[in-house]
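1. Just to be clear, the model below is a prediction. Sequence and coordinates:
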Amino acid sequence: MTEQTMKLLRIYTDESAYVGDRRVFEYVATAARDSGLAGVTVLEALLGFGHAAQLHRKHVLENDRAVVIEIVDSDIKLRAFAISLEQVTDIGLMTLEAVEVVGGKSRQRLP
């Protein structure tokens with residue numbers, strides 16, 4: 001099995017963030033699929049805060065958890081996708097890091 005070095009784009013937002021009438025994480029996941037990226041995983045965090053230092057967590061009356069969106073694909077595709085999200089105001093930090101894909105079914109979709 002050949003190993004592939006790819007990139008992981010990690011996008012931080014929160015559950016209550018919207019783009020129009022859609023949640024940011026739904027908007028990003030749909031945009032990633034429409035852009036032909038290999039796949040997206042959306043993770044809910046137990047607790048988190050960003051530059052505003054506001055804690056995001058699950059409350060009894062309201063859910064405002066921190067959300068992390070992870071996308072693995074080529075460097076070029078992920079950088080272009082990140083640029084396409086610049087108009088989305090409720091996206092927090094976006095990071096890009098090297099990952100090594102060593103197996104799995106989704107590996108076949110990667111370049």
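-> It's in.
2. Do you know the pLDDT at the residue sitting nearest the centre point of the chain?
-> Geometric centre of the chain, nearest residue: residue 69, 2.3 Å, by C-alpha atoms, centre = their mean. Looking at residue 69, its pLDDT is 98.
3. Could you check the helix or strand harbouring residue 27 and say which residues are buried?
-> According to DSSP states H and E, residue 27 maps onto helix 24-34. In terms of neighbour count (16 or more other C-beta atoms under 10 Å), helix 24-34 has its buried residues at 24-25, 27-29, 31-32. All C-beta spots, glycine's among them, are computed from the backbone N, C-alpha and C.
4. quick one, what contacts residue 37?
-> Going by C-beta atoms under 8 Å, 6 or more residues apart in numbering, residue 37 touches 71, 73, 77-78, 81.
5. swap the cut-off to 6 Å and go again
-> By C-beta atoms under 6 Å, 6 or more residues apart in numbering, residue 37 lies in contact with 71, 73.
6. I'd assumed it was in a strand, is it?
-> No. With DSSP: H, G, I helix; E, B strand; the rest coil as the criterion, residue 37 is coil rather than part of a strand.
7. Direction-wise, compare the top strand by length along the chain with helix 24-34 and give the angle.
-> Ranked by residue count and defined by DSSP state E, the top strand of the chain is strand 4-14. Interaxial angle, strand 4-14 versus helix 24-34 (axes from the mean of the first three to the mean of the last three C-alpha atoms, to 10 degrees): 150 degrees.
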